[in-house]
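1. generate a structure from the sequence data that follows.
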Amino acid sequence: MAAVRQRKKPSEEEVAGLLKVMSTSGGHDENEDYLSVGPTVSQLLERVEESKDEQQQQQQQQNSPTIDPTFSGNLFKKGYRFGNLLACCPSCCGCGPVWKKRFFIIRGGYLFRFTSNNRTARPKGTPVPLSDAIVNVVDVADESENENPALLLSVSTLRKEYILRAETVEKRNQWIQKLNLAKHISIKVSLGHAKQSSVDRRARKAGERLFNDGIRRERQAMDHETEMRNLGGMGGY
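-> Residues are numbered from 1 along each chain as shown. Prediction:
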C-alpha cells in the first residue's frame with residue numbers, strides 16, 4: 001500500500017506572494033474596497049515621505065508654517081438614541097440628546113468619523129466635505145444638558161450640522177484650526193493652486209465616493225417616505 005504523501009505547508013513568503021498574485025489577477029482589489037467600503041483608520045493615517053524640496057514648495061504655496069492638515073483624535077458627537085425623530089423631546093423623558101464618542105480623521109479635504117480608532121475600522125456615516133463646511137464655536141448650550149459651551153464646536157454644511165465636544169478648550173481650538181486649514185487647502189487643491197500627496201488624493205476620491213453614496217441613500221429614503229405618505233393619504237378616502 002502506497003504511503004500517503006503529506007503536503008508541505010507553504011511558508012509566509014509563499015502565502016504573501018500568492019495573495020499578491022490574486023490581488024492583481026481579478027481577485028481581491030484593495031482599491032475597490034478603499035472607494036466603495038471606505039479607507040481604514042490605518043490607511044488614512046499613512047504617513048507620506050516627502051523630499052525637502054516638496055515640503056518647501058508646499059509651504060510657499062500655502063503660506064503657512066503648518067503644511068500638514070491631517071489630524072485625528074476623539075470627539076464626542078451630539079446625537080439621539082432614535083435618530084433625529086426624537087430631537088424635539090425633552091431630556092427628562094430619556095429621549096434627549098446623547099453624546100457619542102467617535103474617532104475623527106481629517107484627510108484629503110474630508111472629515112471621516114469612526115466608531116473607534118481600531119486600525120481596521122471603516123468610516124461610519126457620510127464624510128463631511130470641508131471645502132463647503134463652516135466651522136464655528138458654539139456660544140450657547142442648552143442648560144438642561146449641563147454642557148460647557150467652551151468645549152463645543154459645530155461643523156455645518158448645506159446638508160447637515162454636526163455639534164461636537166472636545167475634552168479641553170485647547171483641543172477644541174486645535175480642531176477648529178485644523179479644520180479651517182484643511183478647508184483652505186481643499187479649496188486651493190480644487191482650483192489647481194496646491195498639490196496633494198498620493199495618500200491625500202486617494203482619501204479625497206474615497207470621500208467623494210462615500211459622500212455621493214450617502215446623498216443617494218438619503219434621497220432614496222426621502223422618496224420612500226414621500227411615497228408612503230401618499231399611499232397613506234390615498235387610503236383615507
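
2. tell me the pLDDT at S131?
-> Looking at S131, its pLDDT reads 96.

3. next one: phi and psi at F76?
-> phi -100, psi 130 (degrees, to the nearest 10).

4. how about the one 4 residues further on?
-> Dihedral angles of Y80 (phi, psi; degrees, to the nearest 10) stand at phi -130, psi 150.

5. I'd say it and I163 touch.
-> No - look at Y80 against I163 with Cβ atoms under 8 Å: they stay out of range, at 11.5 Å. Glycine gets a C-beta too; all of them are placed from N, C-alpha and C.

6. local confidence estimate at the residue nearest to R165 when sequence neighbours are not counted?
-> Computed as Cβ to Cβ, 6 or more residues apart in numbering, the closest residue to R165 that is not its neighbour in sequence is F76, at 4.1 Å. Looking at F76, its pLDDT is 97.

7. F76 bridge partners, please.
-> Per DSSP bridges, the residues bridged to F76 are K101, R165.

8. residues contacting it?
-> Each residue near F76 by Cβ atoms under 8 Å, 6 or more residues apart in numbering is listed here: W99, K100, K101, R102, L164, R165, A166.

9. buried set for the longest helix along the chain?
-> Criterion DSSP state H: the longest helix present in the chain is helix 198-234. Neighbour-count burial for helix 198-234 flags V199, D200, R202, A203, R204, K205, A206, G207, E208, R209, L210, F211 (criterion: 16 or more other Cβ atoms under 10 Å).

10. make CSV out of the residues you listed and add pLDDT and distance to V155.
-> Output for the buried residues of helix 198-234, formatted as CSV (pLDDT from 0 to 100; distance: Cβ to Cβ, whole Å):
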residue, pLDDT, distance to V155
V199, 93, 22
D200, 94, 19
R202, 94, 22
A203, 96, 17
R204, 96, 17
K205, 96, 21
A206, 96, 19
G207, 96, 14
E208, 96, 18
R209, 95, 20
L210, 95, 16
F211, 94, 14
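
11. spatially, which two of those are the most separated?
-> Spatially, the most separated pair among the buried residues of helix 198-234 is V199 and F211, at 18.3 Å (Cβ to Cβ).

12. right, and T40 touches N117 too?
-> No - assessed by Cβ under 8 Å, T40 is found out of contact with N117, at 10.8 Å.

13. okay, those two: which has more neighbours?
-> T40 (19 against 16; other Cβ atoms under 10 Å).

14. which residue is the nearest non-sequential neighbour of the more buried one?
-> T120 (5.3 Å).

15. list the contacts of the one you found.
-> For T120, the contact set (Cβ under 8 Å, 6+ apart) comprises T40, V41, S42.

16. likewise V137?
-> With contact taken as Cβ under 8 Å, 6+ apart, V137 is in contact with P149, L152, L153, S154, R172, I176.
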